[in-house]
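[1] sequence? don't have it. structure:
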């Protein structure tokens with residue numbers, strides 16, 4: 001059986017058009033963008049055209065978009081520069097953020113740079129908006145709210161406009177890790193009160209090693225990576241031109257095909273959920289499957305010896321899935337998200353995440369493999 005890839009929240013395969021764009025740039029656009037001769041000017045022009053495309057799809061100005069190495073760098077930059085340069089003394093976040101946000105907050109807190117507060121969450125991972133407002137009202141310190149648009153493990157989502165409006169009302173900055181939603185949902189920063197957001201190309205069928213950060217023009221920060229004057233003096237280091245052009249191409253493809261891709265992914269995801277419910281008893285779905293990110297389906301299987309080895313067994317059977325975040329050094333050490341939401345620790349959580357390239361036939365094959373792997377007692381009638 002050809003391997004089946006159901007872990008698109010971890011990373012996505014490169015679109016063929018992206019490969020072609022990058023290969024062409026590697027052959028023809030080798031100049032250093034900081035050089036003033038013809039090859040350098042051509043490279044600079046290509047980067048600025050890519051920046052223009054990204055800004056267009058975000059509803060941003062070109063002066064508000066900066067290319068980085070990944071979403072992790074973008075999130076670190078937003079949080080740490082807000083503290084260093086914008087006078088932020090207090091950050092409100094949640095316990096289910098991506099590790100790059102949680103560990104950044106750990107670092108800021110450890111060095112006494114911030115007061116850290118956490119908003120309450122419901123069982124599905126949604127923030128309690130009344131509690132968020134209470135937290136915003138409870139201090140006069142310069143505050144930032146950092147909440148991800150869609151949780152990478154369970155797909156639970158926030159309303160960017162609602163949170164942004166609440167932050168604006170109380171004079172707080174708003175940062176959102178939008179790595180999982182850029183290229184999947186329309187986001188218009190001209191209509192959404194937001195200070196910082198982040199993206200990473202490899203989540204929307206682009207290359208690894210390149211991302212971007214949107215910084216609202218009202219927020220003047222200093223470089224996070226010191227060096228030359230690259231990225232409008234915001235990030236030192238020669239630009240990854242091939243990656244940047246690949247990112248812009250991938251984003252263009254994502255938005256040009258947004259509705260059709262969503263239709264295909266939703267159909268496969270819903271079919272997977274229906275087939276699991278038809279063939280297995282006592283399943284639990286983490287997050288908010290009806291209203292969460294349409295590419296994610298997080299399933300908690302009932303306890304059994306076979307379930308404990310489910311990730312490995314599926315891999316051996318030719319199926320790629322994960323237990324949660326792909327950013328935990330490959331270790332299946334349990335999920336901080338499920339723990340924070342008080343999920344049953346004895347259940348085995350599997351995250352299936354889908355692409356427009358996946359099919360119902362692949363779902364049928366995966367369900368068949370699950371029926372071979374798991375004990376009879378887990379089956380429905």
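    Good, I have the coordinates. This is a predicted model, so every value here is computed, not measured.
[2] Can you list the neighbours in contact with whichever helix or strand residue 43 is part of?
    Secondary-structure assignment from DSSP states H and E places residue 43 in helix 38-58. Contacts to helix 38-58, defined as Cβ atoms under 8 Å, 6 or more residues apart in numbering, come from residues 25, 29-35, 60-62, 64-65, 67, 187-189, 197, 199, 212, 214, 239, 241, 244-245, 247-248, 251-252, 255. Using the backbone N, CA and C atoms, a C-beta is placed for each residue, glycine as well.
[3] out of the residues you listed, which are buried?
    Using 16 or more other Cβ atoms under 10 Å as the burial test, the contacts of helix 38-58 include 25, 29, 31, 33, 60, 64-65, 67, 187, 189, 197, 199, 212, 214, 239, 241, 244-245, 247-248, 251-252, 255 as buried.
[4] Tell me how this protein divides into domains.
    4-12+257-378, 16-256 (automatic domain parsing).
[5] Highest mean neighbour count out of these?
    Most buried of those by mean neighbour count (mean count of other Cβ atoms under 10 Å) is domain 16-256; its value is a mean of 19.
[6] where among the domains of the chain is the average confidence lowest?
    Among those, domain 4-12+257-378 carries the lowest mean pLDDT, at a mean of 92.
[7] chain center to that one: distance?
    Centre-to-centre, domain 4-12+257-378 and its host chain are 17 Å apart (Cα atoms, centre = their mean, to the nearest Å).
[8] re earlier: in its sheet, what does the helix or strand just after the helix holding residue 43 sit against?
    The helix or strand immediately downstream of helix 38-58 is strand 65-68, counting by DSSP H and E. Strand pairing for strand 65-68, using DSSP bridges, gives strand 211-215 (antiparallel).
[9] quick one: contacts of the strand it pairs with?
    If you take Cβ under 8 Å, 6+ apart as the criterion, strand 211-215 is touched by 54, 58, 60, 64-71, 73-74, 77-78, 179, 189, 194-201, 221, 234, 247.
[10] and the angle from it to helix 38-58?
    Counting by axes from the mean of the first three to the mean of the last three Cα atoms, to 10 degrees, strand 211-215 lies at 60 degrees to helix 38-58.
[11] Tell me the bridge partners for the nearest residue to residue 70 once chain neighbours are set aside.
    The shortest distance from residue 70 to any non-neighbouring residue, by Cβ to Cβ, 6 or more residues apart in numbering, is to residue 211 (4.5 Å). Assessed by DSSP bridges, residue 211 has beta-bridge partners residue 68, residue 200.
[12] which outside residues touch the helix or strand containing residue 107?
    Residue 107 is part of helix 99-110 when elements are defined by DSSP H and E. Outside helix 99-110, the residues within contact range by Cβ under 8 Å, 6+ apart are 71-72, 75-76, 79-80, 83, 91, 93, 95, 97, 114, 116, 146, 148, 177, 325, 327-328, 336.
[13] go on, stretch 157-168?
    Against stretch 157-168 from outside (Cβ under 8 Å, 6+ apart): 126-127, 129, 132-133, 136, 145, 147-151, 173-174, 176, 181, 187, 191-194, 288, 291-293.
[14] follow-up on the earlier one: centre of the chain to the helix holding residue 107, how far?
    Averaging C-alpha coordinates over helix 99-110 and over its chain gives two centres that are 17 Å apart (Cα atoms, centre = their mean).
[15] Repeat that for stretch 25-37.
    Taking mean C-alpha positions (Cα atoms, centre = their mean), stretch 25-37 and its chain are 30 Å apart.
[16] Okay, now that stretch: how far is its last residue from its first?
    Terminal residues of stretch 25-37 are spaced 17 Å apart (Cα to Cα, to the nearest Å).
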